[in-house]
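Visitor: I need the structure of the sequence given here:
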Amino acid sequence: MSIADDLAWRDWIDEARRVSVASYCAARGIKLRPGDAGQPCPGCGGVDRFSVNTRKNVWNCRVSGFSGDAIALAQHIDGLDFLGACEAVTGRPPPGRDARETAEERREREARLAEREEKRIAQEAQRAREQNAYREAERRRAWGFWRRSVPVEGTPAEAYLERRRVHPHATSRLRFAPEMELWTESRSTVARKGPAMIAAIEGVDGRFTGVHVTWIDLDAPKGKAETIDPETGMLLPAKKVRGSLKSGSIRMVSGGDEPKRWFLGEGIETVLSVYWSLVEAGSSLVEGAEFRTSVDLDNLGGKAKGRVKHPTKTFVDARGRSRSVFVRNDTPADPDVDWRVIFIPPSVEELILLGDGDSDPFTTRLALLRAAKRFSREYPALAIKVAMSNEGVDFNDMRIAAFEEASA
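Guide: Numbers count the residues shown, from 1 in each chain. All right, here's what the predicted structure looks like:
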């Protein structure tokens, strides 16, 4: 291959890499939902597994584990190899397979690409401004929910926790909202208006950033409300975050002004189950210890640097092919100012990460190991341990089972 041919190939691949995910989706007729809201994956279906971060020009499918740029999306949708995907996103074959461009045609193509890139940058800047304004407005709305809520004692929220064999601590950042609205997926209609437990989310700077909401129905088996979206017929989540969750946590038990140990897990019920079980066992681990929840595993583990094949899971893509599921590995991505690690006070000497085994123990353990490495990178002197519940259950399930066994 001559130098000219080699440069032509490089230009063609660079052209493919400059195509934004949003513009490729538009060319394929894939309508993106605002923000990074989940939607059906064009490669493997589902309901809400696919999302696009237009600011970072990255798409992600949380079920298949695939993510990347427009080239990677073409590979995922159509099962193309790298060169085939480059051809798909540029709309032209590789150099040598078509008639050579004239100098004028090349200038016109490069001008079109430059114009498209300039437009993409302007659109992303506008979206960033809109998203920042939306986040601040949402934070203010969340603060309104928290301010209008009432203490949890003697409310259905306390009864909900008692049903889960735990109860709030005096220092828990939990309250009760008697008439909390749960909107449909499209946010066009209120699907439920009723009692809910409200938890305050605290950001890395100690500032209020949002609330975690659990809708309550004490007639349901576990006390969580089951609400059908009238527009889609799908079950709406009984738990949602209003405001911002990234890098935030919710205090369940205060460790005082200078805690020595932190317990950090996913859910409210999980963290309270561990705390009360340790208290009842007379464990010294609770002395000077703070207990917090990260709300979800992603917020705890953060982004990964790479992927690893799941040992057992597969999925069927849009063309009916069975393919291995790839999940995020245990190596954290490079530090991201947009998704910082949860803040740990300087007095803390030991961090214990709590992992639930009721979803997928393989991916949960990877996320916890990734979290441990993130915290270790940020706080080198911190002693970090990982504690997993039994496989197939979470810590709250274990606590409930212990109560039932004791009363049998």
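Visitor: Provide a list of residues in contact with residue 182.
Guide: Residues near residue 182 by Cβ atoms under 8 Å, 6 or more residues apart in numbering: 190-193, 215, 225, 227, 236, 240. The C-beta positions use only the backbone N, C-alpha and C, and glycine is treated the same way.
Visitor: tell me the SS of it?
Guide: strand (DSSP: H, G, I helix; E, B strand; the rest coil).
Visitor: skipping its backbone neighbours, what lies nearest it in space?
Guide: Spatial nearest neighbour of residue 182, chain neighbours left out: residue 192 (4.1 Å); criterion: Cβ to Cβ, 6 or more residues apart in numbering.
Visitor: check which element follows the host helix or strand of the one you found along the chain.
Guide: Using DSSP states H and E, residue 192 sits within strand 190-202. As assigned by DSSP H and E, the chain's next helix or strand after strand 190-202 is strand 208-215.
Visitor: now that following strand, how far from the chain's geometric center?
Guide: Taking the mean of its C-alpha atoms, strand 208-215 sits 15 Å from the chain's own mean (Cα atoms, centre = their mean, to the nearest Å).
Visitor: that strand vs strand 190-202, what angle?
Guide: If you take axes from the mean of the first three to the mean of the last three Cα atoms, to 10 degrees, strand 208-215 sits at 140 degrees to strand 190-202.
Visitor: just the mean pLDDT for strand 208-215, thanks.
Guide: Averaged across strand 208-215, the pLDDT comes to 96.
Visitor: sheet partners, orientation included, of the host helix or strand of residue 176?
Guide: Here residue 176 sits within strand 174-183, counting by DSSP H and E. With DSSP bridges as the test, strand 174-183 is paired with strand 150-151 (antiparallel), strand 190-202 (antiparallel).
Visitor: how about the longest one: buried residues?
Guide: When neighbours are counted by 16 or more other Cβ atoms under 10 Å, the buried residues of strand 190-202 are found to be 191-192, 194-202.
Visitor: what's the answer for stretch 70-77, then?
Guide: 70-77.
Visitor: including pLDDT and secondary structure, could those residues go into TSV?
Guide: Listed next are the buried residues of stretch 70-77 as TSV, based on pLDDT from 0 to 100; DSSP: H, G, I helix; E, B strand; the rest coil:
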residue	pLDDT	secondary structure
70	93	helix
71	93	helix
72	91	helix
73	92	helix
74	90	helix
75	89	helix
76	87	helix
77	86	helix
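Visitor: which of those sits closest to residue 119?
Guide: residue 70 (15.3 Å; Cβ to Cβ).
Visitor: can you tell me the element the nearest residue to the closest one once chain neighbours are set aside falls in?
Guide: Leaving aside its chain neighbours, residue 70 sits nearest to residue 24 (4.0 Å; criterion: Cβ to Cβ, 6+ apart). Using DSSP H and E, residue 24 sits in helix 21-28.
Visitor: what comes into contact with that helix?
Guide: 31-32, 42, 52, 54, 57-59, 69-70, 73-74, 77, 89, 91, 116, 120, 123.
Visitor: and the helix or strand following it, what other elements does it pack with?
Guide: The first helix or strand that comes after helix 21-28 along the chain, using DSSP H and E, is strand 39-41. Contact analysis of strand 39-41 by 3 or more Cβ pairs under 8 Å, 6 or more residues apart in numbering; DSSP states H and E lists strand 45-53 as its packing neighbours.
Visitor: ok, then the element right after the strand it packs on?
Guide: Strand 45-53 is succeeded, C-terminally, by strand 58-61 (DSSP H and E).
Visitor: partners of that next one in the sheet?
Guide: strand 45-53 (antiparallel), strand 67-68 (antiparallel).
Visitor: okay, it in PDB with CA atoms only?
Guide: Coordinates of each C-alpha in strand 58-61 appear next as PDB, following Å, rounded to 0.1, in the frame of the first residue of the first chain:
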ATOM      1  CA  VAL A  58     -21.300   7.500  24.000                       C
ATOM      2  CA  TRP A  59     -24.100   5.000  23.900                       C
ATOM      3  CA  ASN A  60     -24.700   2.100  26.400                       C
ATOM      4  CA  CYS A  61     -26.700  -1.100  26.500                       C
END
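Visitor: re earlier: now the helix holding residue 24: average pLDDT?
Guide: 87.
Visitor: mind listing what's buried along the lowest-mean-pLDDT helix or strand in the chain?
Guide: Every helix and strand of the chain was ranked by mean pLDDT, DSSP states H and E. The lowest is helix 3-18, at a mean of 78. Residues of helix 3-18 classed as buried: 8, 12-13, 15-16, 18 (neighbour count, 16+ other Cβ under 10 Å).
Visitor: the strands in the stretch 151-300 of the chain, which residues?
Guide: In the stretch 151-300 of the chain, the strands defined using DSSP state E, counting those that start in this stretch lie at 174-183, 190-202, 208-215, 227-228, 235-236, 239-243, 250-253, 261-265, 289-293.
Visitor: tell me the angle the second one makes with strand 289-293.
Guide: Following the same axes, to 10 degrees, one obtains 150 degrees for the angle between strand 190-202 and strand 289-293.
Visitor: give me the pLDDT value at the nearest residue to residue 185 once chain neighbours are set aside.
Guide: Nearest residue to residue 185 in three dimensions, chain neighbours excluded: residue 229, at 5.5 Å (Cβ to Cβ, 6+ apart). For residue 229, the pLDDT comes out at 89.
Visitor: how many residues are close by residue 229?
Guide: 17 (other Cβ atoms under 10 Å).
Visitor: what residues are up against it?
Guide: 184-185, 191, 235-236 are the contacts of residue 229 under Cβ under 8 Å, 6+ apart.
Visitor: now swap in residue 80 and tell me
Guide: 74, 88.
Visitor: okay, now the unreliable bits of the chain?
Guide: 1-6, 34-37, 97-101, 109, 113, 116-117, 120, 317-319 (pLDDT under 70).
Visitor: spatially central residue in it, please.
Guide: residue 298 (4.5 Å; Cα atoms, centre = their mean).
Visitor: what's the closest non-adjacent residue to that one?
Guide: residue 367 (7.6 Å).
Visitor: circling back to that earlier point, including distance to residue 257, could the strands paired with strand 174-183 go into TSV?
Guide: Shown next, in TSV, are the strands paired with strand 174-183 (distance: least, Cβ to Cβ, whole Å):
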stretch	distance to residue 257
strand 150-151	23
strand 190-202	16
